[in-house]
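Chemist: Here's my sequence, what's the structure:
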Amino acid sequence: MAVLSIQSHVAFGAIGNRAAVLVLERLGIETWSVPTVLYSNHPGHATFRGERVAVPAIRAMIEGLGEVVPWQSCQAVLSGYAADSGVVDLVVDAVHRVRHANPQGFLACNAAFANEDGVFVPEPVARATCHALFREAGLLFLNQAELEFATGRVVAGVTAARNVARELWQQTTKAIVVTSVRSEDGATATIALERDATWVVETPRLPGPAHGAGDLFSALFLAHWLKRRSPAEALAKSVAGTFGVIAASGEALDLALVSAQEEIVAPSRVFAVRPLA
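Modeler: Predicted coordinates for the structure are as follows:
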């Protein structure tokens, strides 16, 4: 079992592929990582250096992989931060390549274009992600801000998030997970939605910027989904693991993913999953 992960790469920190590869391989899933940017650190710091990876270079890496890896063993393409609309097109091409070899392969799309401070990629990239990748996705991960951007709707509370996500599901994908929803009592809710059911987990809100939490969560959920194909179980384990790592990180600008990696496999705190009618 393998996953092709097309995301950002930083020399320092735990975002993009630096988070996804550790999580997936810690859980026993071989990961082929292709970078979309090469940065010293994530832009949440006061400074960062580096550059975007040119689209032809990304394409060459994927084509090179195809010459040495068995595409039929690839179960999913995991996409994340893209700074260029051309990367969106490359992800679509990669998904088609995987599906040609393995008809059960699918796209796990981590939207990765906005947070509560706003959209952090060029707007055409965000639009391309919504138009092209959401429609390709078998699993779609987006936070409350991304859900609002994608639908043009304001989301206030868990029920509203479920209703808006249901509308998006009808237009796009097979399963949607919405993170960072502020519930009516001030907790943080995460919602997983499939055709016939919706589940929700609520956790206390934690301090700190938690840069990379979405990348961590999507990799965790994908890993557990691949193992069991149970959205409720994947939701419970990925929320618990993400909460544990964020809690261990305090208010640091970077997740303490390496030192807290036991939370990936054996979370210290587990939260109840309940169906949402």
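Chemist: What segments of this structure are helices?
Modeler: Under the criterion DSSP state H, the chain carries helices at the ranges 16-26, 55-66, 85-101, 123-128, 134-136, 144-151, 158-171, 213-228, 231-249, 262-265.
Chemist: Tell me which of these approaches H42 most closely.
Modeler: helix 16-26 (8.2 Å; Cβ to Cβ). Just so you know, the C-beta spots here come from the backbone N, C-alpha and C atoms, and that holds for glycine as well.
Chemist: Quick check: mean pLDDT of the closest one?
Modeler: The average pLDDT within helix 16-26 is 97.
Chemist: can you check stretch 172-184 too?
Modeler: 88.
Chemist: Residues contacting that stretch, please?
Modeler: Applying Cβ atoms under 8 Å, 6 or more residues apart in numbering, the external contacts of stretch 172-184 come out as 106, 109, 115-116, 134-135, 137-145, 147, 155, 157-158, 161, 165, 168-169, 188-195, 202, 205, 213-214, 217-218, 221, 231, 235.
Chemist: What subset of these is buried?
Modeler: Buried members of those, counted by 16 or more other Cβ atoms under 10 Å: 106, 109, 115, 134, 137-145, 147, 155, 158, 161, 165, 168-169, 188-193, 202, 213-214, 217-218, 221, 231, 235.
Chemist: ok so, going back, right, and the helices of the chain - which one's nearest S40?
Modeler: Closest to S40 of the helices of the chain, according to Cβ to Cβ: helix 16-26, at 11.9 Å.
Chemist: May I see the buried residues of the closest one?
Modeler: Going by neighbour count (16+ other Cβ under 10 Å), the buried part of helix 16-26 is 16-24, 26.
Chemist: now swap in stretch 37-52 and tell me
Modeler: So stretch 37-52, judged by 16+ other Cβ under 10 Å, has buried residues 37, 39, 41-42, 44, 48, 52.
Chemist: what sits up against it?
Modeler: 8-13, 15-16, 36, 53, 81, 83-84, 120, 209, 211-212, 253-254.
Chemist: Just the buried ones out of the residues you listed, please.
Modeler: With burial judged by 16+ other Cβ under 10 Å, the buried subset of those is 8-10, 13, 15-16, 36, 53, 81, 83-84, 120, 209, 211-212, 253-254.
Chemist: for the residue of the chain most remote from its centre, what are its contacts?
Modeler: Ranked by distance from the centre of the chain (Cα atoms, centre = their mean), the top residue is E67, with 27.1 Å. Residues near E67 by Cβ under 8 Å, 6+ apart: none.
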